[in-house]
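A.B. asks: how would this look folded up:
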Amino acid sequence: MALAQRQVTVQEGPLYRTEGSHITLWCKVSGYQGPAEQNFQWSIYLPSAPEREVQIVSTVDPSFPYAIYTQRLQERDAGQYECHTPNTDERYFGSYSAKMNLVVIPDSLRVTAIPQTLNKVEHDSLELKCEVSKSTAQHSHVSIAWYRQRGSEVPVEIISLSRDFVLRAGSAYAQRQATGDVRLDKVGETTSKLTIYNLHPSDQGEFYCEAAEWIQDPDGSWYAMTRKRSQGAIINVQATDKEFSVRLETEKRMYIVGEPVEFRCILEAQNVPDRYFSISWAFNSSLIASLGPNAVPVLNNEFAQREALGQLKVAKESDNVFVLKIYRLRLEDSGKYNCRVTEREKTVTGDFIDKESKRPKNIPITVMPLKTSISLEIINNATNVLEGESLRFGCNVRSGLGPQSRLSVAWQLVDKLNRRSEIVRLDREGTLHPGPAYAERSSYGGIQVEQVRPGSFTLEIFNSIKADEGHYECRVAEWTRTLDGEWQMVGERHTSTPVSITALEAGFAVTAISRTPGVTYNESFDLQCIIKPHYPSWVPVDGAGVWSEAFNTFKTQESTLWSTPNLVNFFPVLMTHLSPCFSIPLAVTKLQVSKSKRSITLVENRPILLNCSVKSQTSPDSHFAVLWYVHKPSDADGKLILKTTHSSAFEYGTYAEEEGLRGRLQFERSASGGLFSLTVQRAEVRDSGSYYCHVEEWLLSPNHAWYKLAEEVSGRTEVTVKQPDNRLQVSQMHKNLTVLENEWVTLECLVKNRSSPSSQLAVEWSVVVLMISQHSPLDLCHPVISDPTLQVDTATANLTVQEKESFPLDCSILSRSSPESHFAVTWYSLRAKEAGDHTEQGEEEEEEEEREAVLSVGPDAIFSPEAGRWEGRLRFQRLSAVLFRLTVLQAGAADTGNYSCRVEEWLADPNGVWYRLAQEESGMVAVHVQDAGSTLQSVICSNDALFYFVFFYPFPIFGILIITILLVRFKSRNSSKNSEGKNGVPLLWIKEPHLNYSPTCLEPPVLSIHPGTMD
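C.D. replies: Numbers count the residues shown, from 1 in each chain. Okay, here's the model as predicted:
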């Protein structure tokens, strides 16, 4: 029958405990013989005297196992503890004692919080911070918990973070933690923050945090070495009133079309930021838009289209102010406006329930049509004229013209029968549209309309007839552009002037006599004209005077006329009768256009000013047609931009149509008539080129037809349009903002400098969000890294250690993606092994690497089991947040190989779920472990005395022995022949042999023997 072997066991050491803490040591025995009652004796071996046993206590207590309990550890309690059981067996068989080490370390845990008293209102938010720090050299974890206590009641756990980084809420706060009203965040290396949203009156009490420092014992269990709490903060929560009121405001009740209007719906209530409200806007009892607790507007019908075009805005200005703004009112916007506010309650599922709803009184507004404020002035050269004379009218806008407005002008005639007919119309684009009754006269230049300068228009009618008599009316309309780009007429003003025309053709007879029937322009000739008219009394009858004033084209040096009451001159009628008798050739042109060349360099958005100057003209009555061209280097010929005819009509060229220049061109003519200007507004880079004008001179022939006399091209103006120097500077300062769900975020974009004061800015806001859960809202408090920056030290190293020594393996993180990152670290051993079969001759043997995981530490600091040969020989240290060290104890020859570490970077997503962001592997560390039982050669070569003893001294000794043996044999052989030497003297010795050697362990000594000689 086999007997059981006695075995005494205690806790596996070493055990690390802090000063001031308690410890329980147990000891148990098994496999013993004899009585069930066993005795125990505890001893300690102090570090100061490790060989001396200090007995602590012994017992005959029947309890089993026996343990000693120390209430408050001190530094002197450290040492090696031994539990001994006296023998009760028939014979000694087994172990009778066991030892373990106890290490007492300083208590470095510090837990601090600011003692304070805070008075809060129901639904307010609460933030409390607690700083927990330690400086323990051993690897340890810290757990943190927050408690609320009222008087002598049992503390209530709010939320805690375990030593394994698991977040748990107490039973009283579990539901609120699930809805996000209770949070625990780490805001630094040592600081944690408790946040409670939507405070309840039941939250009143003293809040404090408690921390514990945990260490893992060799048996794998975790032990709280020390536990401490902070000072408390007294929180008072006052219940709030749930009532609220709403009022609606606007600046005025009367508006004009195009003006903006803003309605402000103001909510008055307590603790608005922590309550949920929805707002709806109505117009004439029809829904315009609504905003939920998330403040995202939802617009209805046509208002959605106006909002998309930037004409309308619905927004939340602050927690209690909501705005409806219409940027440009229409006539149909007249009516009643109102807002309705509804309080909503958020359930634990995240849904909202409507509660009380309120709305203020309606606000009616009236939108009136646009009214122009311009005033007009009309000028007439004469109110009473003779038939055939020219009529000239001026229409000037005196005041009230807006800076962005455009004008259109229409000239109309109201005859004696009060019939209205349109003579000509000049639209806002500068295009001329003759009336139906005047189209033919306008085609050959009988009617001219011109815009001399902005706001100043002229109408000229040549060769007036009796039908031109009546009231001439100038009607000017003001136009402005709406937000959608359409032109809208602001209003119209008109003014008129009367004109009386005396008919002549039916009331006289004419006879003309001339001695020079053929003349040229600018020559003099004699013309005698006998007329028998029936004129009004106001018509002058002095022939010479009337002749000169009636037709200015003829510059008479002498006029020989009969001065009688029946003599009068009227050229238009006269020329009708004289045209068959006279042949008048064309005049010689004197047209000269400035040929000067110039260069202009300007930046974008500046105007291009182009001038075309007529230096001389054939006649003061000359009219000019001006054509403006631009020549690009890529084109063979110039392209027509704009043409103004001799009758001042505008025609846009193909280039203006293709490049969209119509809205940017402005043409002007000086009052003297010799200077024409073209302005290209808001210049662009593509407007660069060579500009010039083509001038045509037109004259009126004797039969009242306009003909082109001459044409000439001006010098060129080289225009270069550059983009302005980019001086745009935007503030690059980084900011971190933390906001609560459903709160407004104000983001600032600060422009520090711009290229030009007149430049306009386009601003685009972007947000980069990655890995957002499909069912979760965006949480800006938890940024997601889009570009990981994890970097691990990849430097290689060589390490040689002796057997039984330890060697460290460092894993250094050079950079990380976020300060909130956690790391998982795994060390690997790579050992080379032969493939098992040999290659063909001349080729090397194949080798492959065997990869073995030594130790893994997860992001939650959970260790993998130490498997196989590594068990009990590994020590992990986290020297800093980015430096990890694994020390291999008791190195052996099997540990030789290459080692590396792999680092995984982990981050928490907005839902608190951890995900792996990146991973990197370090460089190799080659470790060579020298065997303690080294080769004989290495031992001998490392010791000089032993080296000479083995490789030097034996050879001379053996050489002497061999020589001695040879001499003895030689002597014995000679003795048999001749027992005596020379002169009868015996041969007693020979000369010492000569030895040549090399004192190295690689070359054996060379022995040379020389024959001895007799003295």
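
A.B. asks: need the residue closest to the centroid of the protein.
C.D. replies: Central residue of the chain (CA atoms, centre = their mean): Ser766, 5.4 Å from the mean position.

A.B. asks: can you classify it by secondary structure?
C.D. replies: Three-state assignment for Ser766 (DSSP: H, G, I helix; E, B strand; the rest coil): coil.

A.B. asks: and the gap between it and Leu747?
C.D. replies: The gap separating Ser766 from Leu747 is 11 Å, by CB to CB, to the nearest Å. The C-beta positions use only the backbone N, C-alpha and C, and glycine is treated the same way.

A.B. asks: so which residues of the stretch 751-900 of the chain form strands?
C.D. replies: All strands of the stretch 751-900 of the chain, identified by DSSP state E, counting those that start in this stretch, fall at 751-753, 791-792, 797-802, 807-815, 822-834, 847-857, 874-880, 883-888, 897-908.

A.B. asks: any weak-confidence spans in the stretch 651-800 of the chain?
C.D. replies: 671-673, 702-703, 741-743, 757-760, 768-786 (pLDDT under 70).

A.B. asks: neighbours of Ser160, how many?
C.D. replies: Residues within reach of Ser160, counting by other CB atoms under 10 Å, total 18.

A.B. asks: and the strand or helix carrying Phe457, what does it pack onto?
C.D. replies: For Phe457, the element it lies in under DSSP states H and E is strand 456-461. Secondary-structure packing of strand 456-461 (3 or more CB pairs under 8 Å, 6 or more residues apart in numbering; DSSP states H and E): strand 391-399, strand 420-426, strand 447-453, strand 470-481.

A.B. asks: tell me the contacts of the closest residue to Glu157 other than its chain neighbours?
C.D. replies: Once flanking residues are discounted, Glu157 sits nearest to Gly170: 3.4 Å by CB to CB, 6 or more residues apart in numbering. Going by CB atoms under 8 Å, 6 or more residues apart in numbering, Gly170 touches Val156, Glu157, Ile158, Ile159, Ser160.

A.B. asks: can we see that at 10 Å?
C.D. replies: By CB atoms under 10 Å, 6 or more residues apart in numbering, the contact list for Gly170 reads Ala145, Trp146, Tyr147, Arg148, Pro155, Val156, Glu157, Ile158, Ile159, Ser160, Gln177, Val182.

A.B. asks: Leu386 and Arg168: what is the separation?
C.D. replies: 110 Å.

A.B. asks: Gly663 too?
C.D. replies: Taking CB to CB, one finds Gly663 at 69 Å from Arg168.

A.B. asks: same question for Ala174.
C.D. replies: In this view, Ala174 and Arg168 are 8 Å apart by CB to CB.

A.B. asks: joint contacts of those two?
C.D. replies: Ile159.

A.B. asks: stretch 681-690: end-to-end distance?
C.D. replies: 17 Å (CA to CA, to the nearest Å).

A.B. asks: was I right about Leu267 contacting Arg359?
C.D. replies: No. Using CB atoms under 10 Å, Leu267 makes no contact with Arg359, being 11.4 Å away.

A.B. asks: joint contacts of the two?
C.D. replies: Taking CB under 10 Å, 6+ apart as the criterion, Leu267 and Arg359 both touch Val246, Ile279, Cys339, Val341.

A.B. asks: which of these tops the neighbour count?
C.D. replies: Within the shared contacts of Leu267 and Arg359, neighbour counts (other CB under 10 Å) peak at Cys339, which reaches 27 neighbours.

A.B. asks: quick one: buried residues of the host helix or strand of that one?
C.D. replies: In the assignment (DSSP H and E), Cys339 maps to strand 335-346. Buried positions in strand 335-346, judged by neighbour count with 16 or more other CB atoms under 10 Å: Tyr337, Asn338, Cys339, Arg340, Val341, Thr342, Glu343, Arg344, Lys346.

A.B. asks: and of the strands of the stretch 751-900 of the chain, who's closest to Gln412?
C.D. replies: For Gln412, the closest of these is strand 751-753, at 51.8 Å, according to CB to CB.

A.B. asks: outside of that closest one, which residues touch it?
C.D. replies: Around strand 751-753, the neighbours that count as contacts under CB under 10 Å, 6+ apart are Arg727, Leu728, Gln729, Val730, Ser731, Gln732, Leu761, Val763.

A.B. asks: again, 7 Å this time
C.D. replies: Here strand 751-753 makes contact (CB atoms under 7 Å, 6 or more residues apart in numbering) with Arg727, Leu728, Gln729, Val730, Ser731, Leu761.

A.B. asks: give me every residue that touches Asn271.
C.D. replies: Asn271 is in contact with Val121, Glu122, His123, Asp124, Thr240, counting by CB under 7 Å, 6+ apart.

A.B. asks: quick check, Phe955 in a helix?
C.D. replies: Yes. Remark: Phe955 belongs to a helix, assigned using three-state DSSP.

A.B. asks: now the end-to-end length of stretch 221-234.
C.D. replies: Terminal-residue distance, stretch 221-234 (CA to CA): 37 Å.

A.B. asks: for stretch 904-917, same thing?
C.D. replies: End residues of stretch 904-917 are separated by 8 Å (CA to CA).

A.B. asks: please renumber so the chain begins at 894
C.D. replies: Okay, residue one is now 894; in that scheme the one you just asked about reads as stretch 1797-1810.

A.B. asks: show me how far it is from its chain's centre.
C.D. replies: 23 Å (CA atoms, centre = their mean, to the nearest Å).

A.B. asks: ok, back up a step: of Leu1279 and Arg1061, who's got more company?
C.D. replies: Leu1279 (20 against 13).

A.B. asks: so that one versus Trp1720, what's the distance?
C.D. replies: Using CB to CB, one obtains 117 Å as the distance from Leu1279 to Trp1720.

A.B. asks: check Ile1051 too.
C.D. replies: 39 Å.

A.B. asks: before we move on, what about Pro1701?
C.D. replies: Counting by CB to CB - Pro1701 and Trp1720 are separated by 11 Å.
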